[in-house]
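Enquirer: output the structure for:
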Amino acid sequence: MEFGDRLRRARKSHGYTQRELADKIGAKHNSVSNWEKGRNMPDTATFKMICNILDLSSFFLLTGEDLPSSLPELTPFFSAAELEMIKKYRMLDAYGRGAVDSLLNYYCGLKIPPKNVGARLPDKAPPPVVEMISGLISIQGVAAGWGTYLGPEGFDTIKLQKNHLTRKASFYVPVEGDSMEPKFHNGDILMVEKGPVSEGEIGIFTLDNHGYVKLCGNGELISLNPEYEPIPMNEDIICNGRVIGVLDPEWIG
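Expert: Residues are numbered from 1 along each chain as shown. Sure thing, here's the model as predicted:
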């Protein structure tokens with residue numbers, strides 16, 4: 001018999017309707033119906049009032065069993081999931097209960113030897129192996145402002161965690177300035193994939209030996225910060241690649 005069934009029987013044995021019981025405990029009129037249908041459970045304070053009004057042991061109302069004489073009256077509150085776990089535990093044989101006890105002791109850090117020697121404790125998983133790859137990072141930043149030199153010899157090699165983004169990135173370059181805020185900030189390290197940049201995408205561009213991170217517009221390079229004027233595009237502008245994200249500092253080995 002479920003909690004809702006026991007509540008229904010106890011209520012009817014006292015001659016209360018669902019509305020009358022709800023009024024006595026100060027609950028909404030549909031609350032008792034929801035409890036009896038197993039949709040939810042009363043909170044701790046309401047549960048105690050129900051037990052007092054229906055003259056029931058809280059242990060019996062929760063479990064359907066009489067409280068052992070050696071234990072004092074308890075008024076715990078269990079969720080529906082916890083009650084279901086109690087039911088499943090009581091269905092186990094001694095071997096099964098020993099296995100559950102061992103797992104609980106293990107995960108709760110109690111370090112209590114298992115009663116059932118047949119219940120094997122799980123091995124602690126070894127730390128995951130992080131695969132690293134090499135990447136090129138510019139020793140000078142690309143301007144999110146007025147531009148700095150971005151020469152081919154100005155790169156160092158760094159070690160990075162291998163993932164779907166670092167595998168795609170051709171090189172990395174730090175941001176200097178604020179012209180691409182709020183998307184990119186001064187000090188961010190951009191991940192750049194070599195290839196063309198379409199209109200509406202953000203890329204790394206070189207003009208007159210100065211590197212820029214800008215939004216590719218229709219015939220111009222655009223700053224996201226409206227305080228900066230667009231840079232007209234011409235045949236001297238070189239596209240170095242498309243920005244695919246900001247490098248997470250925790251990926252740097």
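
Enquirer: count of residues packed around residue 24?
Expert: 15 (other CB atoms under 10 Å). Where you see a C-beta, it was placed from the backbone N, CA and C, and this is true even at glycine.

Enquirer: residue 239 reaches residue 202, doesn't it?
Expert: No: at 11.4 Å, residue 239 and residue 202 do not qualify as touching, with contact defined as CB atoms under 8 Å.

Enquirer: show me which of these two is the more surrounded one.
Expert: Relative neighbour count places residue 202 above the other of residue 239 and residue 202, with 20 against 15, counting by other CB under 10 Å.

Enquirer: mind listing the helices for the stretch 101-250 of the chain?
Expert: 164-168 (DSSP state H, counting those that start in this stretch).

Enquirer: in it, what residue spans correspond to strands?
Expert: Assigned by DSSP state E, counting those that start in this stretch, the strands in the stretch 101-250 of the chain fall at 132-138, 142-143, 155-161, 171-176, 189-193, 202-207, 210-216, 220-222, 231-232, 238-246.

Enquirer: how far does the helix or strand harbouring residue 6 sit from the chain's center?
Expert: Using DSSP states H and E, residue 6 sits in helix 3-13. On the basis of CA atoms, centre = their mean, to the nearest Å, helix 3-13 sits 40 Å off its chain's mean C-alpha point.

Enquirer: other SSEs contacting it?
Expert: Judged by 3 or more CB pairs under 8 Å, 6 or more residues apart in numbering; DSSP states H and E, the packing partners of helix 3-13 are helix 31-36, helix 44-54, helix 58-63.

Enquirer: now do stretch 240-251: distance to the chain's middle.
Expert: For stretch 240-251, the distance to the chain centre is 23 Å (CA atoms, centre = their mean).
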